[in-house]
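[1] Quick one, what's the 3D model for this:
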Amino acid sequence: WAAVDCGADVPALIYKSTGPDAEAVLFEILNTRANITSSGMVKSHQGPAADLIRTAHALSTSPFYGQVHFGDRDKNHYSAALLARGLAAVVCNILPIGKIQDVLGRTDFGLKADKDAESRAAAYLKLVALVFPANRALHQVPLVGLGRVAYLRWKDGGAFPTPKVYERLKKTNWDIITHGLHTLTASPMVEEYVKKIWRG
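    I've put the predicted structure just below:
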């Protein structure tokens, strides 16, 4: 409206769309040049990893129902970007360092290449909701560390942890375990701690 009031021209780029999926991909491409959050990238990403997170947020029977935030500054507890990095750990057994687009791409590949990866991812999301309820702080390092241990426990068909295990993990002060570090270099500390409690 300021441009209209001043009689100024407004330059625009117009793209012809072939449908909603193409628009979502174009949105992601164009916004790599803009200041878009990592969680916002998860919201627009076209692939099975992001689909799992969006479904968990939208499904009324999910513990994450209406609780995932996608970078839109709402007050929901679970960061889509943090969940995406945790999924990368449990699907691919990696430290998900780098751009969120690369992490999602790697997880997408893992979900397609490993027939058991989707069931591990679903079990991991269930476990995350039990260990990190909405009234507790959520940090990258324990999410990823838990995902990497879950990969080891489940890659050969191991069982879901017992209530005794996940209740103890829920009470953990993760800052003590990581000595206050919030970078993925502290993940091995979390992994060793989780392995002692959740024995294979």
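[2] how about the worst-scoring helix or strand of the chain on mean pLDDT: buried residues?
    Here the helix or strand of the chain ranked lowest by mean pLDDT, DSSP states H and E is helix 20-30, holding a mean of 79. Buried residues in helix 20-30, counted by 16 or more other C-beta atoms under 10 Å: 27, 28. No exception for glycine: its C-beta is placed from N, CA and C like everyone else's.
[3] And the contacts of that helix?
    Helix 20-30 is contacted by residues 15, 17, 41, 44, 45, 46, 101 when judged by C-beta atoms under 8 Å, 6 or more residues apart in numbering.
[4] Filter those down to the buried ones.
    Members of these classed as buried by 16+ other C-beta under 10 Å are 41, 44, 45.
[5] Could you verify my assumption that the first one touches residue 81?
    Read that as residue 41. Yes. Counting by C-beta atoms under 8 Å, residue 81 is a contact partner of residue 41 at 7.4 Å.
[6] Give me the common contacts of the two.
    In contact with both residue 41 and residue 81: 71, 100, using C-beta under 8 Å, 6+ apart.
[7] Dump the contacts of helix 20-30 into JSON lines; add distance to residue 77, pLDDT and secondary structure as well.
    Formatted as JSON lines, the contacts of helix 20-30 follow (distance: C-beta to C-beta, whole Å; pLDDT from 0 to 100; DSSP: H, G, I helix; E, B strand; the rest coil):
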{"residue": "15", "distance to residue 77": "35", "pLDDT": "78", "secondary structure": "coil"}
{"residue": "17", "distance to residue 77": "34", "pLDDT": "81", "secondary structure": "coil"}
{"residue": "41", "distance to residue 77": "19", "pLDDT": "90", "secondary structure": "helix"}
{"residue": "44", "distance to residue 77": "21", "pLDDT": "89", "secondary structure": "helix"}
{"residue": "45", "distance to residue 77": "21", "pLDDT": "93", "secondary structure": "coil"}
{"residue": "46", "distance to residue 77": "25", "pLDDT": "93", "secondary structure": "coil"}
{"residue": "101", "distance to residue 77": "24", "pLDDT": "95", "secondary structure": "helix"}
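[8] Would you convert the residues you listed into JSON lines that also reports distance to residue 26?
    Shown next, in JSON lines, are the contacts of helix 20-30 (distance: C-beta to C-beta, whole Å):
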{"residue": "15", "distance to residue 26": "6"}
{"residue": "17", "distance to residue 26": "7"}
{"residue": "41", "distance to residue 26": "14"}
{"residue": "44", "distance to residue 26": "9"}
{"residue": "45", "distance to residue 26": "13"}
{"residue": "46", "distance to residue 26": "10"}
{"residue": "101", "distance to residue 26": "14"}
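[9] quick check, nearest of the residues you listed to residue 71?
    Relative to residue 71, the closest of the contacts of helix 20-30 is residue 41; by C-beta to C-beta it sits at 7.8 Å.
[10] Can you tell me the closest non-neighbouring residue to that closest one?
    Of all residues not flanking residue 41 in the chain, residue 100 sits nearest, at 4.9 Å (C-beta to C-beta, 6 or more residues apart in numbering).
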